[in-house]
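[1] Please work out how this folds:
(2 chains)
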Number of protein chains: 2
Amino acid sequence: MGELSRTTGVPVPTIKFYLREGLLPAGELTSPNQARYGEEHARRLQLIRALTEVGGLPLASVAKVVEAVEDRGQPVHKLLGAAAGTLVPTYAQAPDPANGERARELVEELIARRGWQVHADNPAALALTAAAASVLAVGLGDYLDFLDEFAASAERVADADLSFVARGAGPEDLVERVVAGTVLGDAMLAALRRLAQVDASARRYPPPADEADAAESSSG
Amino acid sequence: MGELSRTTGVPVPTIKFYLREGLLPAGELTSPNQARYGEEHARRLQLIRALTEVGGLPLASVAKVVEAVEDRGQPVHKLLGAAAGTLVPTYAQAPDPANGERARELVEELIARRGWQVHADNPAALALTAAAASVLAVGLGDYLDFLDEFAASAERVADADLSFVARGAGPEDLVERVVAGTVLGDAMLAALRRLAQVDASARRYPPPADEADAAESSSG
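    Below you'll find the model as predicted:
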C-alpha cells in the first residue's frame, strides 16, 4: 500500500478510506497483513482523483460511476446511459414560471430543429431549460439568439467524444472513457472557451501599445 | 422590499443579507423606515442568483463581479479582463510531475498552433494543463488527440460570446454580459454537450426496437 501511495501520490489514509467505501477493490492478500496492489488499483485511484478533484463530483456520484464500471455484461447503450446519468450538469430551479415556460419552449424548439433523438425530460434538457430561464431572468434574453451556434459546437464536441469512447476495449474501458471524458472534457472545454475568449477579445479590443508589447514579450 | 421579494422570488432575509454585504445597492429612502427599490435592484438580484445558483460561484467571487460592474470608466479590455478573472474554471494540481510537464507542452503547442494571443500563465491555460494532466494520469492520453477539435469548437463559441458582449450598452451592461454569459454559457454548453452525446450515442449504438419505440412515443 505504501508503494501504491508513492506511485499515485494518494496518501495512505485516503487509500484506506476508498477501500472501506468500496471505491477501490481489495488487494490480493500475500500474507495475513500484506496485500499486493497492481496497475488496476493505480488506474482506479487516478480515476477517483480525476472525478473528485478535477470534476468536483461528490463521493456518492463517484461510487455510482465505480458501480457502473464494475457491472459487466450490460449492452453498450445501457452502460453509456448509466455512466452519463451520474454526470448531470448543474441544475437549478427556474427563477419564475413565465421565464421557465418560455425557456422550455425554446429548448423544445431547439431539440426539434437539431433533430436530436433525446427525451424532453432528459436531465440535461432540464438543466439547459433552467440555465436559459436564468438568462431570461437577468434580462439578457438576446444571448439565446446564439443557442443554435452553441448547439452546433456541442455536436462537434460530442462527435469527437463518441469517437474517443468507441476506441474503448471492453466495458470497463468504455465506461471509464465516458465518465473521464465527460468530466475532464467539461474542464478542458471551459478552459479552452476562456482562452479563445481572451484571444477574440484581444483581436476585437486591442490593448494600448505598451501593454501589447508586455504581453508579446512574456507570452513568446 | 416585500414587493421586490415578490417580483424576484428572493426571500426578504436574503435581500437584507445582500444589502448588508454590499452586493445590492441601498434603496432610495422615501421615509425613515421605507425605501423604494426599482428595476435596477430586481436585475442585480437576478444576476446574483444566476451567479450563485446556476454558476455555483462563492459569494466572494460574486462580490468581485459586483465591484467590477460598479467601477465605471475603465477601458473595455480592462473591464472584460477583471470580469473574466473572477470566472476561472476549476483548477487542480497536476497529479504528478511527468504528466504535468507533458500536459504543459501539449497546451503550449496548442496555443501556438491556434495562434491564440494569450499569456502562457493565464489561469485558464493552467486549468487546461491540470485537466490534460489528469487525462494522462487516468491512462486515457489518446483523448488529447481531440484537443484541436475541441479548440475549434471553443473558438466558435467565443466568437458568439464576443458578438453577444459587443451588443452591450455601457460598462455595466458589458460586464453583466461577460459574467452572465460566461457562467450561464458554461451551464448551457455542458447541458448541450450531453444532449448532443445522447443523440450521437443513439445513432451510433441504436437501442433494441422496443426501447426505440418507447423513446419515439414519449419524446414526440
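[2] Enumerate every residue touching residue A:149.
    Taking Cβ atoms under 8 Å, 6 or more residues apart in numbering or on different chains, we find residue A:149 in contact with B:156, B:157, B:160. In this view, the C-beta of every residue, glycine as well, is placed from N, C-alpha and C.
[3] Next, work out how far apart the closest residue to the first one other than its chain neighbours and residue B:196 are.
    Taking Cβ to Cβ, 6 or more residues apart in numbering or on different chains, and ignoring the residues beside it in sequence, residue B:156 has residue A:153 as its nearest neighbour in space, at 4.9 Å. To residue B:196, residue A:153 is 9 Å away according to Cβ to Cβ, to the nearest Å.
[4] returning to that earlier point: if I read this right, the residue nearest to residue B:156 contacts residue B:189, doesn't it?
    Yes. Counting by Cβ atoms under 8 Å, residue A:153 does reach residue B:189; the two are 7.4 Å apart.
[5] Look up the residues that both of these two are in contact with.
    Residues touching both residue A:153 and residue B:189 (Cβ under 8 Å, 6+ apart): residue B:157.
[6] if we can go back for a sec, the residue nearest to residue B:156: how many residues sit nearby?
    27 (other Cβ atoms under 10 Å in any protein chain shown).
[7] go on, residue A:25?
    Residue A:25 has 15 neighbours, counted by other Cβ under 10 Å.
[8] Repeat that for residue A:117.
    19.
[9] any weak-confidence spans in chain A?
    By pLDDT under 70, the low-scoring segments of chain A are A:54-55, A:72-86, A:88-95, A:171-172, A:207-220.
[10] Roughly how far does the residue nearest the centre of chain A sit from chain B?
    In chain A, the residue lying closest to the centroid (Cα atoms, centre = their mean) is residue A:183, at 2.1 Å. Separation of residue A:183 from chain B (Cβ to the nearest Cβ, to the nearest Å): 9 Å.
[11] how about the helix or strand that residue falls within: buried residues?
    Counting by DSSP states H and E, the element that carries residue A:183 is helix A:171-204. By neighbour count on 16 or more other Cβ atoms under 10 Å in any protein chain shown, the buried set for helix A:171-204 is A:171-172, A:174-202.
[12] repeat for stretch A:142-161
    Neighbour counts over stretch A:142-161 (16+ other Cβ under 10 Å) mark A:143-144, A:146-147, A:149-161 as buried.
[13] can you give me how far it is from the chain middle?
    Chain-centre distance of stretch A:142-161: 16 Å, with Cα atoms, centre = their mean, to the nearest Å.
[14] how far does stretch A:164-179 stretch from start to finish?
    12 Å (Cα to Cα, to the nearest Å).
[15] Now do the same contact list for the closest residue to residue A:2 other than its chain neighbours.
    Spatial nearest neighbour of residue A:2, excluding adjacent residues (Cβ to Cβ, 6+ apart): residue A:12 at 6.7 Å. Contacts for residue A:12 (Cβ under 8 Å, 6+ apart) come out as A:1, A:2, A:5.
[16] Just the buried residues of those residues.
    Here, 16+ other Cβ under 10 Å leaves residue A:5 buried among these.
[17] What is the nearest of the contacts of residue A:12 to residue A:103?
    residue A:5 (47.8 Å; Cβ to Cβ).
[18] what residues are up against the closest one?
    For residue A:5, the contacting residues are A:11, A:12, A:15, by Cβ under 8 Å, 6+ apart.
[19] rewinding a little: and the helix holding residue A:183, what does it pack onto?
    Counting by 3 or more Cβ pairs under 8 Å, 6 or more residues apart in numbering or on different chains; DSSP states H and E, the packing neighbours recorded for helix A:171-204 are helix A:39-49, helix A:59-70, helix A:76-85, helix A:147-166, helix B:76-85, helix B:123-137, helix B:147-166, helix B:171-204.
[20] can the next helix or strand after the fifth one be found next to chain A?
    Along the chain past helix B:76-85, the next helix or strand (assigned with DSSP H and E) turns out to be helix B:97-114. Yes. Among the residues of helix B:97-114, B:111, B:114 lie within reach of chain A under Cβ under 8 Å from any Cβ of the partner chain.
[21] Distance to residue B:127 added to the contacts of residue A:149, as CSV?
    What follows is those, written out as CSV (distance: Cβ to Cβ, whole Å):
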residue, distance to residue B:127
B:156, 20
B:157, 16
B:160, 21
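[22] Tell me the one among those residues nearest to residue A:28.
    Taking Cβ to Cβ as the measure, residue A:28 lies nearest residue B:157 of the contacts of residue A:149, at 47.5 Å.
[23] isn't that closest one right next to residue A:190, touching?
    No. Taking contacts as Cβ under 8 Å, residue B:157 lies outside contact range of residue A:190: 10.4 Å.
[24] Kindly state the domain boundaries assigned to chain A.
    Per automatic domain parsing, the structural domains of chain A span A:1-54, A:88-144.
[25] Pick the most deeply packed of the ones you listed.
    Scoring the domains of chain A by mean neighbour count under mean count of other Cβ atoms under 10 Å in any protein chain shown gives domain A:88-144 as the most buried, with a mean of 19.
[26] hang on, residue A:29 in a strand?
    Yes. Residue A:29 forms part of a strand when assessed by DSSP: H, G, I helix; E, B strand; the rest coil.
[27] Now do the contacts for it.
    Going by Cβ under 8 Å, 6+ apart, the list of residues near residue A:29 reads A:35, A:36.
[28] Look up how far residue A:10 lies from it.
    Plainly put, residue A:29 is 21 Å away from residue A:10 if you go by Cβ to Cβ.
[29] got it, and residue A:140?
    Distance from residue A:140 to residue A:10, by Cβ to Cβ: 43 Å.
[30] again, but for residue A:99
    Separation of residue A:99 from residue A:10 (Cβ to Cβ) stands at 44 Å.
[31] go on, residue A:193?
    Distance check for residue A:193 against residue A:10: by Cβ to Cβ, it reads 30 Å.
[32] for residue A:122, same thing?
    Separation of residue A:122 from residue A:10 (Cβ to Cβ): 35 Å.
[33] How about residue A:156?
    For residue A:156, the distance to residue A:10 (Cβ to Cβ) stands at 35 Å.
[34] How about residue A:143?
    For residue A:143, the distance to residue A:10 - Cβ to Cβ - is 41 Å.
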